[in-house]
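Colleague: below: sequence and its predicted model.
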Amino acid sequence: MSSPYDDGAAPGGAVPPPAGGPSAGSPGEAKRHAWWRPELGLSLVVFVLGVLVIVGTLDVSAASSALGLGPRFFPILVGSALIVIGAFYTLDVLRGGRGDPEESEDIDADAPADWRSVGLVSGVFLAFTALLTTLGWIVASSLLFFGLSVTLGADNKVKAAIVAVVLGVVTYVAFVRGLGVTLPGGLLQGVI
Amino acid sequence: MESFQLLLEGFSTALTPVNLLYALVGVTLGTLVGVLPGIGPAMTVALLLPITFTVPPASAFIMFAGIYYGGMYGGSTTSILLNTPGESSSMITALEGNKMARRGRAAQALATAAIGSFVAGTIATALLVVAAPLVVDFAISFGPEDYFALAILAFTAISSVLSRSMVRGLASLGLGLVIGLVGIDEQTGQARLTLGIDQLLDGIDVVVVAVGLFALGEALYVASRLRHATPEVVPVGAAWMGRSDWGRSWKPWLRGTAFGFPFGALPGGGAEIPTFLSYATEKKLAKGVAKEEYGKGAIEGVAGPEAANNASAAGTLVPLLTLGLPTSATAAIMLAAFQQYGLQPGPQLFDHNPALVWGMIASLFIGNAMLLVLNLPLAPLWARVLRIPRPYLYAGIVMFAALGVYALKSSIVDLVVLFVLGLLGYAMRRFGLPIAPAVIGMILGPMAEIQLRRALAIGAGDVTVLVKSPIAATLLALAALALLTPLFRRLWARRHVEAVTPGSRVE
């Protein structure tokens, strides 16, 4: 069972982890803990999620029929599998295994992670989520588009604002009037 | 030929003016969204899925078939005109295609891709017509243990074949399985992993998962490391090709189709392997001019892989329609589309809804022809789409992601779930976890659970019931074999590269 998983690292053992190496997101952190890799965060999430799945379904009272298996059986299988996979994944990362960051048309795979942009995109999206019902689709989605395009480097803010408003109105009209989708009217309720 | 008869009836469904219009809208939207950089076929289908909910099922699937094939066409245009790696299935096309474009042969590269896709798509759809009833006849006797074994095979195959690191593929699969667990257990009515949130009782919708992992995840990933240099788009006129290009293209088209269709139909086969095989085969067979041009933009290297890519797209539909088994992320989202209408693909679907299934298959032929007509003259338009400023592109992707998810149930909770899944998608991209296993696990997990419980109930708790049927035993053996592939790969590599540093997989 173990053999298929623990490949990756050199059998010779000693591929020294490139301290703060080219792909490490935060060199400062890598210096503090030589063994720490950002990917460990994800592998631990997998492991912990497995535990949580098992713990989280403890309270599901098994009203299992006489022959069938109760509603806890499959979650326990999945949870245990995750714990095993998470353990091997953590081991693989500790032994120097590394996944290749995905390539994509607009990705500069060698650039250091720009946390400010990620934080801003997240903030703008969560603000949109919080305000959607109050502001309505047109206002909220226009602000979402404007905020994101400026964060991602749109130079001409006036142009971005115009595009944002046009898109907000066009999607509202097309989807509500054309396709019969329900979107919140919010501030402009009754106006459009 | 009974299926021929049914296909003709399917054409009569698909050829009504309204359905032709839906097909046209489908292929146009599919191509348009597919052309956009950063959006692969799976994301195209996920983003456009909500639009189809407002139309009746038969028309919706005709539109959907158009989106599916359109997304594939769009992807190849992107990879030929932009020299940056896109989704893996059209990456091979970019190798020779972009070099051709740079040498001033963009029109010919696009033409051989479009015509090759048409030829391959048509042949492969015809093969689908022949193969589907045969598989249905075979699968009609499948018991729950066979379906369970099939799901396990799909899980292991996609986790091990599609990713270079198996533990990462399995981690992705596991995350998907957990997402699939959320909600009410169908058999007992018990809520599982809902964290006390009422809106999660219905489970997490596949549109939310796919859009979150693909669209929002991509947008966050792009935000973290946006390529600031503007990508160079090769200018192009209408796509066309001359006599000698035809002569050099038709054999690679046919060979590509032969590679693509069977691989598409296999669990874990996907489009990556056949496109690569086709590329390598054409390289080996190249003679004369082709041999000189290979590596500098040979038309054979575009024709073959593009045909393989589209043939595998049709091949994917065989297990999807006949067994309800998705073998790619795109197919998993299509399966979800069926489920939205309360339809479960499988042998019964052919029995109960022949008009819908055959109407959809017929519209694949029609959509393919439309795409050919659409793509040859419209190439300059698609090239212009590629120049769309990136800040607007990704802001727009997120906006449409939010629109599609909110339109499902008008639920703010769904938007929060979308964001959390976006973060997960970001982390998966950042650390090289493949997304497809998660989507397949999420869709197929609940089905595997139902079949497992059904099988064990029939067996009265006897676990050996799972391997009693020879079909189930064979499928499970294949699944175990798939788990061992990295081992074989390592043994093979060790024998061939004795002293060279191992761990090449990692870098």
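Modeller: Arrived safely. Numbers count the residues shown, from 1 in each chain, chains lettered A, B, ... in the order given.
Colleague: once you drop chain neighbours, what's closest to the residue of chain A found nearest chain B?
Modeller: Closest contact between chain A and chain B, by Cβ to the nearest Cβ, is at A:G99 (2.5 Å). Bear in mind the C-beta positions are built from the backbone N, C-alpha and C, glycine included. Nearest residue to A:G99 in three dimensions, chain neighbours excluded: B:G432, at 2.5 Å (Cβ to Cβ, 6 or more residues apart in numbering or on different chains).
Colleague: give me the pLDDT for residue 82.
Modeller: No chain was given, so I picked chain A. For A:L82, the pLDDT comes out at 95.
Colleague: that's the wrong chain, I meant chain B
Modeller: 82.
Colleague: quick one: it from B:G301, how far?
Modeller: Noted for B:L82: a distance of 17 Å to B:G301, by Cβ to Cβ, to the nearest Å.
Colleague: again with B:P57
Modeller: Distance from B:P57 to B:G301, by Cβ to Cβ: 41 Å.
Colleague: extract the CA atoms of stretch B:431-444 and return them as CSV.
Modeller: Below are the C-alpha coordinates for stretch B:431-444, written out as CSV (Å, rounded to 0.1, in the frame of the first residue of the first chain):
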residue,chain,number,x,y,z
PHE,B,431,0.4,23.4,-5.6
GLY,B,432,-0.3,21.4,-8.8
LEU,B,433,-3.3,19.4,-7.7
PRO,B,434,-5.4,18.4,-10.7
ILE,B,435,-9.0,19.8,-10.5
ALA,B,436,-10.7,17.1,-12.6
PRO,B,437,-10.6,14.3,-9.8
ALA,B,438,-12.3,16.7,-7.4
VAL,B,439,-15.1,17.4,-9.8
ILE,B,440,-15.5,13.7,-10.7
GLY,B,441,-15.4,12.7,-7.0
MET,B,442,-18.0,15.2,-6.1
ILE,B,443,-20.4,14.1,-8.8
LEU,B,444,-19.8,10.4,-8.7
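Colleague: quick check: mean pLDDT of that stretch?
Modeller: For stretch B:431-444, the mean confidence score works out to 91.
Colleague: helix/strand/coil for the closest residue to B:A369 other than its chain neighbours?
Modeller: Ranked by Cβ to Cβ, 6+ apart and with sequence neighbours excluded, the top spatial neighbour of B:A369 is B:F118, at 7.1 Å. Under the three-state scheme (DSSP: H, G, I helix; E, B strand; the rest coil), B:F118 adopts helix.
Colleague: okay, now B:F118: neighbour count?
Modeller: Around B:F118 there are 23 other residues, counting by other Cβ atoms under 10 Å in any protein chain shown.
Colleague: do the same with B:P56
Modeller: Counted with other Cβ under 10 Å, the neighbours of B:P56 add up to 12.
Colleague: can you check the one 10 residues further on too?
Modeller: The burial metric for B:G66, expressed as a neighbour count using other Cβ under 10 Å, is 28.
Colleague: local confidence estimate at it?
Modeller: B:G66 is assigned a predicted lDDT (pLDDT) of 90.
Colleague: over to A:S3?
Modeller: 37.
Colleague: please apply the same query to the one 5 residues further on.
Modeller: Reported pLDDT at A:G8 in the predicted model: 37.
Colleague: just how off-centre is the host helix or strand of B:G404 within its chain?
Modeller: Under the criterion of DSSP states H and E, B:G404 resides in helix B:390-409. Its chain's C-alpha centre and that of helix B:390-409 lie 21 Å apart, by Cα atoms, centre = their mean, to the nearest Å.
Colleague: does chain A have contacts with it?
Modeller: Yes. Judged by Cβ under 8 Å from any Cβ of the partner chain, helix B:390-409 and chain A are in contact via B:390-396, B:398-400, B:402-403, B:406-407.
Colleague: isn't B:V233 right up against B:A383?
Modeller: Yes. Taking Cβ atoms under 8 Å as the definition, B:V233 is a contact partner of B:A383 at 5.9 Å.
Colleague: if I look at the two, which residues touch both of them?
Modeller: The contact sets of B:V233 and B:A383 overlap at B:L81 (Cβ atoms under 8 Å, 6 or more residues apart in numbering or on different chains).
Colleague: who's more crowded, the two?
Modeller: B:A383 (23 against 18).
Colleague: circling back: who's in contact with the residue of chain A closest to chain B?
Modeller: Listed by Cβ under 8 Å, 6+ apart, the contact partners of A:G99 are A:39, B:165, B:168, B:431-433.
Colleague: try it again at 10 Å.
Modeller: The contact partners of A:G99, by Cβ atoms under 10 Å, 6 or more residues apart in numbering or on different chains, come to A:8, A:23, A:39, A:42, A:89, A:92-93, B:163-165, B:167-168, B:171, B:428-434, B:506.
Colleague: quick one: classify it as helix, strand or coil.
Modeller: Under three-state DSSP, A:G99 falls in the coil class.
Colleague: for A:V78, see how far away it is.
Modeller: For A:G99 relative to A:V78 (Cβ to Cβ), the value is 22 Å.
Colleague: likewise A:V165?
Modeller: 46 Å.
Colleague: shouldn't A:S80 be in contact with A:F47?
Modeller: No. If you go by Cβ atoms under 10 Å, A:S80 and A:F47 don't touch, sitting 11.5 Å apart.
Colleague: those two: who's more crowded?
Modeller: Legend: neighbour count by other Cβ under 10 Å for A:S80 and A:F47, higher for A:F47 (20 against 14).
Colleague: sec struct for A:L187, please.
Modeller: Taking three-state DSSP, the label given to A:L187 is helix.
Colleague: that one reaches A:L143, doesn't it?
Modeller: No. With contact defined as Cβ under 10 Å, A:L187 does not reach A:L143; the gap is 11.4 Å.
Colleague: shared neighbours, those two?
Modeller: The contact sets of A:L187 and A:L143 overlap at A:L135 (Cβ under 10 Å, 6+ apart).
Colleague: if you count surrounding residues, which of the two has more?
Modeller: With neighbours defined as other Cβ under 10 Å, A:L187 and A:L143 compare such that A:L143 has more, 20 against 13.
Colleague: OK, contacts around that one?
Modeller: A:L143 makes contact with A:124, A:127-128, A:131-132, A:135, A:161, A:164-165, A:168 under the criterion Cβ under 10 Å, 6+ apart.
Colleague: low pLDDT regions in chain A?
Modeller: Filtered on pLDDT under 70, chain A yields the residue ranges A:1-34, A:61-68, A:105, A:192.
Colleague: ok, residue 184 - contacts?
Modeller: All of this refers to chain A. A:132-140, A:172, A:176, B:406, B:410, B:412.
Colleague: please refer instead to chain B.
Modeller: So B:I184 contacts A:71, B:190-192, B:194, B:200-203 (Cβ under 10 Å, 6+ apart).
Colleague: now which of the residues you listed would you call buried?
Modeller: A:71, B:190-192, B:194, B:200, B:203 (16 or more other Cβ atoms under 10 Å in any protein chain shown).
Colleague: and B:P133, how many neighbours?
Modeller: Number of residues near B:P133 (other Cβ under 10 Å) recorded here: 16.
Colleague: A:T133 now?
Modeller: 13.
Colleague: quick check: closest non-adjacent residue to it.
Modeller: Nearest residue to A:T133 in three dimensions, chain neighbours excluded: A:P184, at 5.3 Å (Cβ to Cβ, 6+ apart).
Colleague: same check, this time on B:A114
Modeller: B:N375 (4.4 Å).
Colleague: quickly note the distance from the one you found to chain A.
Modeller: Taking Cβ to the nearest Cβ, to the nearest Å as the measure, B:N375 falls 19 Å from chain A.
Colleague: hmm, that residue is touching B:G75, no?
Modeller: No. Assessed by Cβ under 10 Å, B:N375 is found out of contact with B:G75, at 11.9 Å.
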